[in-house]
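Asks: predicted model follows, preceded by the sequence.
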Amino acid sequence: MVKERILLVRNDALGDALVTLPAATALRSRFPKTEVAVLAGERGEWAFRRAGFQVLPDPDGFSETVRLIRDYGPGVVLVASPGGRIPLAAWAARVPVRIGYARRLWGFVYNRPLFLSRKYSGAHEAALAFTLLRPLGIRVSRIEPPRLEPISEAVVEIRNILKNLGIFGKYAVLHPGSGGSATEWPTRHYRELAGMLIEKGYNIVVSGGEEERIAAEGVVAGLEGPCVSLAGLTDLDRLAALIAGATLFVSSSTGPMHLAAALGVSQVALFSRKPPNCPSRWRPLNPRARILTPPGPDDHLAAITPRAVLELLETRPD
């Protein structure tokens, strides 16, 4: 029997949180009288809060984690993240029902274990999150994509920023970085694509974090036409507003790619075929998403040409 509180753990990155949102939403819908909270990392916390979940910020240290779980007092803990600290802490806190993937060394702590290989399962990460719900009697035939809306204050602020930078009309957002989470498309390819899109009448806005500022500036360097970088200048609220207003979003596999999907923006996502990062596991949950992988036997993202991206856009209009 499900107790009065359920704790879902997804304490890694933004993209991980976004693809886990459908399972979190299903869990909340299935047990409407049960308090469902999420233990989340810094960037994932933003996504769960925007979706209306109570969030317990990840405390990092083991003893602090045990104390947090014990104080919250869940009857069920579902661990969707890799890593042994939190499942071991849930065991030490004597949570009655502990659900998680049991193929790692700490798998013994789960009393509702799931024996599967996430890396080689061939399943999407969102579907893998749903396997955690099976011990609670929840099975679905279709995964509803996550949906978010930007906050109005950030939308107004981004419009004013773009206006002051001379960006008017339709714009494409190019996001050249990945925060080290996946293989990246070369900066020179983004710059070439930006030039092609400018010729097609697009304004170009390059996004990214502070650590991606150099790559973003490399995209806009030397381009003629309406092209600006906002890398390092947007928090997640402003980034969501920026992407939501875009006609097109282009990136490799990264958290903002999943954010664009949750915002329902037309996007092109560039993927390696390697199992840990392949589109079958990490493709954006967005009917408006188009996927490109490297042609031929060599799995190098640089083999995807800017012309191939442009042709995909021209042959498959929204």
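Replies: Noted; the coordinates are in hand.
Asks: helices along this protein, start to end?
Replies: 14-30, 42-50, 62-72, 85-92, 125-131, 152-164, 187-199, 213-220, 236-244, 255-262, 279-282, 306-315 (DSSP state H).
Asks: packing partners for the second one?
Replies: Yep, that's helix 42-50 we're talking about. Counting by 3 or more C-beta pairs under 8 Å, 6 or more residues apart in numbering; DSSP states H and E, the packing neighbours recorded for helix 42-50 are helix 14-30, strand 35-40, strand 54-57, helix 236-244, helix 255-262. Just so you know, the C-beta spots here come from the backbone N, C-alpha and C atoms, and that holds for glycine as well.
Asks: TSV for those, including distance to Thr183, mean pLDDT and mean neighbour count?
Replies: Shown next, in TSV, are the helices and strands packed on helix 42-50 (distance: least, C-beta to C-beta, whole Å; pLDDT from 0 to 100; neighbours: other C-beta atoms under 10 Å):
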stretch	distance to Thr183	mean pLDDT	mean neighbour count
helix 14-30	14	96	24
strand 35-40	26	97	23
strand 54-57	30	95	16
helix 236-244	21	98	23
helix 255-262	13	97	28
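Asks: could you pull up phi and psi at Gly222?
Replies: Here is the backbone geometry of Gly222 (degrees, to the nearest 10): phi 80, psi 0.
Asks: neighbours around it, how many?
Replies: By other C-beta atoms under 10 Å, 9 other residues sit near Gly222.
Asks: not counting sequence-adjacent ones, nearest residue to it?
Replies: Arg191 (7.6 Å; C-beta to C-beta, 6 or more residues apart in numbering).
Asks: and for Pro276?
Replies: Lys119 (5.8 Å).
Asks: need the contact list for Arg118.
Replies: Applying C-beta atoms under 8 Å, 6 or more residues apart in numbering, we find Arg118 in contact with Tyr101, Glu125, Leu128.
Asks: below-threshold pLDDT in the stretch 201-318 of the chain: ranges please.
Replies: Within the stretch 201-318 of the chain, the ranges that satisfy pLDDT under 70 run 316-318.
Asks: which one is Ala23 nearest to, not counting chain neighbours?
Replies: Computed as C-beta to C-beta, 6+ apart, the closest residue to Ala23 that is not its neighbour in sequence is Ala129, at 3.8 Å.
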